[in-house]
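Asks: Next come a sequence and a model predicted from it.
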Amino acid sequence: MTELTPLHGKRILLIIGGGIAAYKTLELIRRLADKGVRVRAIMTKAAHEFVTPLSVSSLTGEKVYTDLFDLTDEAEMGHIQLSRDADLLLVAPATADLMARMVAGMANDLATTALLATDKPVMVAPAMNVRMWEHKATQRNIAQLTQDGVGFIGPDDGNMACGEFGPGRLSETPDIIAALENHFSAATGPLAGRHILVTSGPTHEPIDPVRYLANRSSGKQGHAIAGSLASLGAQVTLVAGPTAQPTPQGVKIVHVETAREMLAACQTALPADGVICAAAVADWRVVQDAEQKMKKGPDGVPALALTENPDILAIISQLPKGQRPALVVGFAAETEKIIEHATAKLARKKCDWLVANDVSPASGVMGGDMNTVHVLSATGRDDWPQLSKTEVADRLARKVADYFSTSSHH
Ligand code: C5P
């Protein structure tokens, strides 16, 4: 029986790479078919070593595309059309080699040509030996593909066919299907068609070429908010200071270092329907950072003259009507008198909501996984219980969606 899920009626171009996990795609094709997905498959040359085109085509009910220079294929269905006819391209298993070729923009077989020619979303489910996964070259390629907007599914940790243990196992079929469902449900989610700008992470303010002023923000909360908004269908631009957080799926990331770069990136990203300023922007920067490394010397300790950074939240909140996003949300990290300080901040910055949280060292919020917040607005205050940062993000994203679904904000 076909279940009606977000996958029903979707067309997926499955690109099967050459890895031992390729056999698992046979099960994946069957489960996708159960969900009403029409699957077409391309197999790389290496994939033929692990599964036969005959098995794949028996399950997809379609011919399998294998060779770029097959003249009959090109006459029936060109490689461009093949990649455009789908709603999404899924690479599974994505081998280290295939990902490297995607990064390089190569088109030296049908699989990479379809990936280069497509204008559709691309998701990859990697599978490889743990050392290959951890290799710097592969990690560089993952970072680049993420930057290019490619979505990652897995890999899982576990025992590998090669006898080693660690990350590199192809995600389980239900997890791949769940990731695809998430992708397609976002397209019809309550925030579909809304552009939301999120700032996250700390900023680094240079003192000289090797030193900077910074703070302890990890970017966990801001990145989680960006991810939650995207999963409700928003088009999200995440302007992020230096953090180790992975880019959430489906989010456009802009990396910055300083407050002034963050402001410029936000201005470039506007217009937006909503802005969530979750970054811990440095309040001050050094008036003039030194061109050369500052040296210890007989003249004693240097004095650092500081000057104020632009207040991104206040600037966006006070944009003229027409340019100002409909909903502007600020954060207030406080170590004492949380509500009192946050109430004053809401008024001073002129944002619509202010999410206040206790970041005193005893709270463990900075860098930790939990957060206790109060959401203040002109109409009152919501006290949320202690939640994980992911739960805070989901709840805030739903509140944003509710705000936009009320008729007065259309
Ligand atoms: O004044 P304070 O730094 O406590 O305000 C915090 C809020 O203002 C946060 O939402 C933060 O992202 C934003 N902010 C900003 N630019 C600054 C300072 C703070 O956007 N320069």
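Replies: Alright, I've got the coordinates. Residues are numbered from 1 along each chain as shown.

Asks: My read is that G151 contacts V251, right?
Replies: No. Between G151 and V251 there is no contact under C-beta atoms under 8 Å: 10.1 Å. The way it works is simple: take the backbone N, C-alpha and C, and place the C-beta from them, glycine included.

Asks: And those two? Which one has more around it.
Replies: V251 (22 against 19; other C-beta atoms under 10 Å).

Asks: Would you mind confirming that the more buried one is in contact with A224?
Replies: No. The pair V251 and A224 fails to qualify as a contact (C-beta under 8 Å) at a distance of 10.9 Å.

Asks: Start and end of stretch 80-99, how far apart?
Replies: The first residue of stretch 80-99 is 20 Å away from its last residue (C-alpha to C-alpha, to the nearest Å).

Asks: Quick one: mean pLDDT over it.
Replies: Mean pLDDT, stretch 80-99: 94.

Asks: buried set for it?
Replies: 82-83, 86-99 (16 or more other C-beta atoms under 10 Å).

Asks: And for stretch 278-286?
Replies: 278-282, 285-286.

Asks: Contact partners for H223?
Replies: Neighbour list for H223: 200-201, 238, 240, 243, 245-248 [criterion: C-beta atoms under 8 Å, 6 or more residues apart in numbering].

Asks: Tell me the buried residues within the residues you listed.
Replies: The neighbour-count test (16+ other C-beta under 10 Å) marks 200-201, 238, 240, 243, 245, 247-248 as buried among the contacts of H223.

Asks: remind me which residues of the stretch 51-200 of the chain are low pLDDT?
Replies: 68-77 (pLDDT under 70).

Asks: ok, back up a step: which one among the buried residues of stretch 80-99 gets closest to K63?
Replies: L82 (11.0 Å; C-beta to C-beta).

Asks: got the contact list for that closest one?
Replies: 13, 40, 42, 65, 114.

Asks: what sits opposite the residue nearest to the fourth one when sequence neighbours are not counted in the beta ladder?
Replies: Same thing as Y65. Leaving aside its chain neighbours, Y65 sits nearest to I42 (4.6 Å; criterion: C-beta to C-beta, 6 or more residues apart in numbering). Assessed by DSSP bridges, I42 has beta-bridge partners I15, Y65.

Asks: Confirm for me that I207 is in contact with A290.
Replies: Yes. Counting by C-beta under 8 Å, I207 does reach A290; the two are 7.0 Å apart.

Asks: could I have the helix or strand hosting S58 exported to PDB, CA atoms only?
Replies: Counting by DSSP states H and E, the element that carries S58 is helix 53-60. Extracted in PDB, the C-alpha atoms of helix 53-60 (Å, rounded to 0.1, in the frame of the first residue of the first chain):
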ATOM      1  CA  PRO A  53      22.200  -2.700 -13.400                       C
ATOM      2  CA  LEU A  54      19.700  -5.500 -13.900                       C
ATOM      3  CA  SER A  55      18.800  -5.600 -10.100                       C
ATOM      4  CA  VAL A  56      18.500  -1.900 -10.000                       C
ATOM      5  CA  SER A  57      16.300  -1.600 -13.100                       C
ATOM      6  CA  SER A  58      14.100  -4.400 -11.900                       C
ATOM      7  CA  LEU A  59      13.400  -2.400  -8.800                       C
ATOM      8  CA  THR A  60      13.000   1.000 -10.300                       C
END
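
Asks: Residues in contact with it: which ones?
Replies: 14, 16, 25-26, 29-30, 33, 39-41, 43, 63-64, 66.

Asks: out of those residues, who's nearest C266?
Replies: Distances from C266 to these, taken as C-beta to C-beta, are shortest for L14 (38.3 Å).

Asks: quick one: low-confidence ranges for the stretch 301-410 of the chain?
Replies: Residues of the stretch 301-410 of the chain meeting the criterion pLDDT under 70: 407-410.

Asks: residues from the stretch 51-200 of the chain in reach of the ligand?
Replies: Residues of the stretch 51-200 of the chain lying close to the ligand (C-beta under 6 Å from any ligand atom) are T199.

Asks: Which parts of the stretch 51-200 of the chain are strands?
Replies: Listed in chain order, the strands of the stretch 51-200 of the chain (DSSP state E, counting those that start in this stretch) span 88-94, 122-126, 151-152, 156-159, 165-169, 195-200.

Asks: JSON lines for those, including distance to L319?
Replies: Shown next, in JSON lines, are the strands of the stretch 51-200 of the chain (distance: least, C-beta to C-beta, whole Å):
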{"stretch": "strand 88-94", "distance to L319": "36"}
{"stretch": "strand 122-126", "distance to L319": "35"}
{"stretch": "strand 151-152", "distance to L319": "32"}
{"stretch": "strand 156-159", "distance to L319": "45"}
{"stretch": "strand 165-169", "distance to L319": "44"}
{"stretch": "strand 195-200", "distance to L319": "12"}
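
Asks: Nearest approach to K345 belongs to which of those?
Replies: Ranking these by proximity to K345 (C-beta to C-beta) places strand 195-200 first, at 15.8 Å.

Asks: Who are the packing partners of that closest one?
Replies: Under the contact definition 3 or more C-beta pairs under 8 Å, 6 or more residues apart in numbering; DSSP states H and E, strand 195-200 sits against helix 220-231, strand 235-240, helix 259-269, strand 274-277.

Asks: Show me this structure divided up by domain.
Replies: Structural domains assigned to the chain are 11-187, 195-409, following automatic domain parsing.

Asks: so which of the contacts of helix 53-60 is the most crowded?
Replies: In the contacts of helix 53-60, the most neighbours by other C-beta under 10 Å go to I16, 33 neighbours.

Asks: on that earlier part again, now the domains of the chain in JSON lines, with distance to T5?
Replies: Shown next, in JSON lines, are the domains of the chain (distance: least, C-beta to C-beta, whole Å):
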{"stretch": "domain 11-187", "distance to T5": "5"}
{"stretch": "domain 195-409", "distance to T5": "16"}
